[in-house]
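Participant: no sequence on this one, just coordinates:
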Ligand code: SAM
């Protein structure tokens, strides 16, 4: 069974799609999609040989090797034109690394009907990348697993203009205001309050650092209200 985080990613994959899962590690996501969501083909890309072996083992164990290609490659270089991949999943990496992987593919003119991205950090960097590279965000979701919050960003070809607030909070997430979204940003408010206390104790209330945190604090409060 998939973790809540990967289950959230899986929900956005279109039945019948030909997918590539980049940075797949154990291959749980493509295996689940092949077994439960009627996808017809999966490319599994891994840059490291240990994780690649994990994926091979998982697909073998589940008798899925006939529907998969497992390739040792950097990012989207795992995908060949003849794969006819329609949707790409990239999960469990930082938003900056995901952006770099997408950039390298973009330079090779690789385009897909749907990107299903689950950055662990720097979501705003990834949203900015999408905005600048002719993808529009068509769905978003957030899930809590233990003390961590994970966001998924789904993008499809198209134009979109995002505000700074959209980039940071998510254009759709900030409208949906799901309980996990609320909890994530409440936690961030508490973290900033601790920073305020520390700066005050160090007599650093009149600094630009304090001011910047104050701007961020107010911005979060406005989005949550
Ligand atoms: N996608 C899985 C998930 O969400 O559970 C595994 C996430 S794991 C934390 C990140 C994986 O991405 C690692 O197995 C790592 O080897 C792989 N990876 C990192 N950079 C990569 C790149 N440029 N191309 C392909 N895979 C990469």
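Facilitator: Alright, I've got the coordinates. None of these values were measured; they are calculated from a predicted model. Residues are numbered from 1 along each chain as shown.

Participant: Pull the number of nearby residues for the nearest residue in space to residue 209 that is not next to it in sequence.
Facilitator: Of all residues beyond its chain neighbours, the one nearest residue 209 is residue 199 (6.8 Å), with distances taken as Cβ to Cβ, 6 or more residues apart in numbering. C-betas here are computed from N, CA, C, even on glycine. Per other Cβ atoms under 10 Å, the neighbour tally for residue 199 reads 17.

Participant: Residues in contact with the helix or strand encompassing residue 199: which ones?
Facilitator: For residue 199, the element it lies in under DSSP states H and E is helix 179-201. With Cβ atoms under 8 Å, 6 or more residues apart in numbering as the test, helix 179-201 has contacts from 142-144, 149, 169-170, 173-174, 205, 207, 209-210, 213-214, 216-217, 220-221, 223-224.

Participant: Tell me the buried residues within the residues you listed.
Facilitator: Neighbour-count burial within the contacts of helix 179-201 applies to 142-144, 149, 169-170, 173-174, 210, 213, 217, 220, 223; the criterion is 16 or more other Cβ atoms under 10 Å.

Participant: State the distance from the residue nearest to residue 209 to residue 92.
Facilitator: Noted for residue 199: a distance of 33 Å to residue 92, by Cβ to Cβ, to the nearest Å.

Participant: ok, residue 208 to residue 199 distance?
Facilitator: Separation of residue 208 from residue 199 (Cβ to Cβ): 11 Å.

Participant: what do you get for residue 139?
Facilitator: Counting by Cβ to Cβ, the gap from residue 139 to residue 199 is 38 Å.

Participant: Just list the residues touching the residue sitting nearest the centre point of the chain, thanks.
Facilitator: Among the residues of the chain, the one closest to the centroid is residue 118, at 1.7 Å (Cα atoms, centre = their mean). Taking Cβ under 8 Å, 6+ apart as the criterion, residue 118 is in contact with 5, 8-9, 89-92, 150-153.

Participant: which residues are in contact with stretch 106-113?
Facilitator: Contacts of stretch 106-113 from elsewhere in the structure, counted by Cβ under 8 Å, 6+ apart, are 76-77, 79, 85-88, 133, 156-157.

Participant: What of stretch 137-146?
Facilitator: Against stretch 137-146 from outside (Cβ under 8 Å, 6+ apart): 3-5, 8, 11-12, 127, 130, 149-156, 158, 160, 162, 170-173, 176, 178, 180-181, 183-184.
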